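Chemist: With the input below, show me the fold.
(one chain, ligands or ions: 3)
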Amino acid sequence: MADRVVTLNAGSSSVKFALFAADADWPRLIVSGAVEGLGAKPRFRAAIVDGDASDRPLAAKLTHKQAIAAIFEWIEDAYPAAAVSAIGHRVVHGGLSFAAPIIVDAETLAELREFIPLAPLHQPHNIAGIEVARDAFPHVPQVACFDTAFHRGHAFVDDAYALPYSYYERGLRRFGFHGLSYEYISRRLRTIDPVHAEGGVIIAHLGNGASLCAMKGGRSIATSMGFSALEGLPMGTRCGQIDPGLLLYLLQSDAMTPEELSHLLYERSGLLGLSGVSHDMRTLEASEDPRAQAAIAYFIHRIKMEIAALAAAIGGFDALVFTAGIGEHSPRVRAGVVEGLGWLGLTLDTAANSRNDPVISAAQSRIPVFVTPTDEEAMIARHTIETAGLTAAAR
Ligand SMILES: Nc1ncnc2c1ncn2[C@@H]1O[C@H](COP(=O)(O)OP(=O)(O)O)[C@@H](O)[C@H]1O
Ligand SMILES: CC(=O)OP(=O)(O)O
Ligand SMILES: [Mg+2]
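Modeler: Ligands and ions are numbered 1, 2, ... in the order given. Below you'll find the predicted structure:
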């Protein structure tokens, strides 16, 4: 039987998982699922490809570790014969040290813990995933796949903050995130539109976390996120671009503690903070509250501004791609962005946009606009198969 690979993608309130077979040119999905609603009303759901689906509530106070343990129990129950050959983890921060996927050992795990303050919504849960997986499958390689890796190799001007140079040398620089998603889209675009894929491409990954990536020849040149996953676009609960002077003001004049400030910026800001209604775009779009509408308008405005800035970083672009929850499913946000960039030569096909078609630009648009579903799980599986050396055995 072909090797089996499990992937884990642990975020602030959910843990997504998947089981893949390593028996083709590209990982073949067998089952995908998630524990969602952690901290509120957690649910477990799983769907077997061409098979049954399950969806059930879980205990209210479930921790991330317990959620991950429940996922492994389910996999072992559902697939007792499926020897798992490797487990791949999305790890959002790899700092300066990790520019490619690696098999995790005790030393790397200790190093990954050092990045927890740089990604407090993700890194602790990513590490918990590795720990639980190691306990459940002690003899199976655990592969860490980094969100930051795709962006390593940026030029100094796209990597630096204008602090004293010694800070740059210490690693206080712009890392960028969502790299597994960008890498996947970069590969997909090569099959969808090979000509434009080699040119300047801007990808808008608009999910709960949101960022933009400017690529050339399929490689990341610049991105809107920086040292942490706070910079750039406003997000579900994160602030995005902000004046550092304002943070100093909150620390000094409001006497906020660093913990309070962190909570404000990561969990009480963004769409939730502006609207006072929700972090969730679907809820905001359905709301008649003027603040919900203002939050959407702000989101669209910042996306337009950041796209124009990234366009300057790569000397103009030949294609725009929308992906992730909002990018794939919100005609309203995409219309706001594309119509707002009409001066750059983008023209929307309104009907195609309302259908979430793969191409939403009009025939006369100078720049084509795509809607492409992302697949971080498949990218993790691919890296895991390669890093754990399963490819040759599987083919
Ligand atoms: N049909 C839709 N219309 C508008 N927004 C949507 C739709 N479906 C999903 N979204 C939004 O996508 C976001 C979640 O994106 P997703 O990529 O799943 O996030 P995560 O970062 O948790 O992986 C939420 O704001 C959600 O409301
Ligand atoms: C890095 C990041 O923001 O990830 P997510 O979109 O999964 O929250
Ligand atoms: Mg995500």
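
Chemist: Which positions in the stretch 251-395 of the chain make contact with ligand 1?
Modeler: 280-282, 285, 324-326, 329-330 (C-beta under 6 Å from any ligand atom). From N, CA and C alone the C-beta is placed, and that goes for glycine too.

Chemist: Show me just the buried residues among these.
Modeler: 280-281, 285, 324-326, 329-330 (16 or more other C-beta atoms under 10 Å).

Chemist: With pLDDT added, can I get the residues you listed in a markdown table?
Modeler: Shown next, in a markdown table, are these (pLDDT from 0 to 100):
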| residue | pLDDT |
| --- | --- |
| 280 | 95 |
| 281 | 97 |
| 285 | 98 |
| 324 | 97 |
| 325 | 95 |
| 326 | 97 |
| 329 | 98 |
| 330 | 98 |
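
Chemist: Distance check, the residue of the chain positioned farthest from its centre against ligand 1.
Modeler: Each residue of the chain has a distance to the centre, and by C-alpha atoms, centre = their mean the biggest one is for residue 253: 34.6 Å. According to C-beta to the nearest ligand atom, to the nearest Å, residue 253 and ligand 1 sit 33 Å apart.

Chemist: again, but for residue 83
Modeler: From residue 83 across to ligand 1, the span is 29 Å (C-beta to the nearest ligand atom).

Chemist: Got the confidence number for that residue?
Modeler: Looking at residue 83, its pLDDT is 81.

Chemist: Hmm, it is touching residue 4, no?
Modeler: Yes. Counting by C-beta atoms under 8 Å, residue 83 does reach residue 4; the two are 6.4 Å apart.

Chemist: In stretch 335-344, which of the residues would be classed as buried?
Modeler: Neighbour counts over stretch 335-344 (16+ other C-beta under 10 Å) mark 335-338, 340-341, 344 as buried.

Chemist: ok, now how distant is the closest residue to residue 111 other than its chain neighbours from residue 115?
Modeler: Closest residue to residue 111 apart from its sequence neighbours, by C-beta to C-beta, 6 or more residues apart in numbering: residue 97 at 6.1 Å. For residue 97, the distance to residue 115 (C-beta to C-beta, to the nearest Å) stands at 9 Å.

Chemist: Which strand or helix spans the residue nearest to residue 111?
Modeler: Per DSSP states H and E, residue 97 falls between elements, in no helix or strand.

Chemist: burial of it, as a residue count?
Modeler: 13 (other C-beta atoms under 10 Å).

Chemist: Greatest separation within the residues of the stretch 251-395 of the chain next to ligand 1: which pair is it?
Modeler: Spanning the widest gap among these are 285 and 324, at 15.8 Å by C-beta to C-beta.

Chemist: and the residue in the stretch 151-300 of the chain that ligand 1 sits nearest to, how far is that from ligand 2?
Modeler: Residue nearest to ligand 1 within the stretch 151-300 of the chain (C-beta to the nearest ligand atom): residue 207, separated by 2.6 Å. Distance of residue 207 to ligand 2, computed by C-beta to the nearest ligand atom: 5 Å.

Chemist: What pLDDT is listed against that residue?
Modeler: On the pLDDT scale, residue 207 is placed at 95.

Chemist: Residue 83 and residue 4: which is more packed in?
Modeler: Neighbour count, other C-beta under 10 Å: between residue 83 and residue 4, residue 4 has more, with 23 against 11.

Chemist: didn't the more buried one look like it was pressed against residue 79?
Modeler: Yes. Using C-beta under 8 Å, residue 4 is in contact with residue 79, at 7.5 Å.

Chemist: Now the common contact residues for the two.
Modeler: Common neighbours of residue 4 and residue 79, using C-beta atoms under 8 Å, 6 or more residues apart in numbering, are 19, 30.

Chemist: count of residues packed around the closest residue to ligand 2 within the stretch 201-350 of the chain?
Modeler: Using C-beta to the nearest ligand atom, the closest approach of the stretch 201-350 of the chain to ligand 2 is made by residue 209 at 2.1 Å. The tally of other residues near residue 209 (other C-beta under 10 Å) stands at 27.

Chemist: cool, residue 294 as well?
Modeler: Neighbours of residue 294 (other C-beta under 10 Å): 13.

Chemist: ok, for it, nearest residue in space, not its chain neighbours?
Modeler: residue 274 is the one closest to residue 294 (C-beta to C-beta, 6+ apart), at 6.4 Å.

Chemist: if we can go back for a sec, show me which of the buried residues of stretch 335-344 is closest to residue 383.
Modeler: Nearest to residue 383 among these, counting by C-beta to C-beta, is residue 337 at 30.3 Å.

Chemist: can you give me how far the helix or strand encompassing the residue nearest to residue 294 is from the chain middle?
Modeler: Under the criterion of DSSP H and E, residue 274 resides in helix 270-275. For helix 270-275, the distance from its own C-alpha centre to the chain's C-alpha centre is 20 Å (C-alpha atoms, centre = their mean, to the nearest Å).
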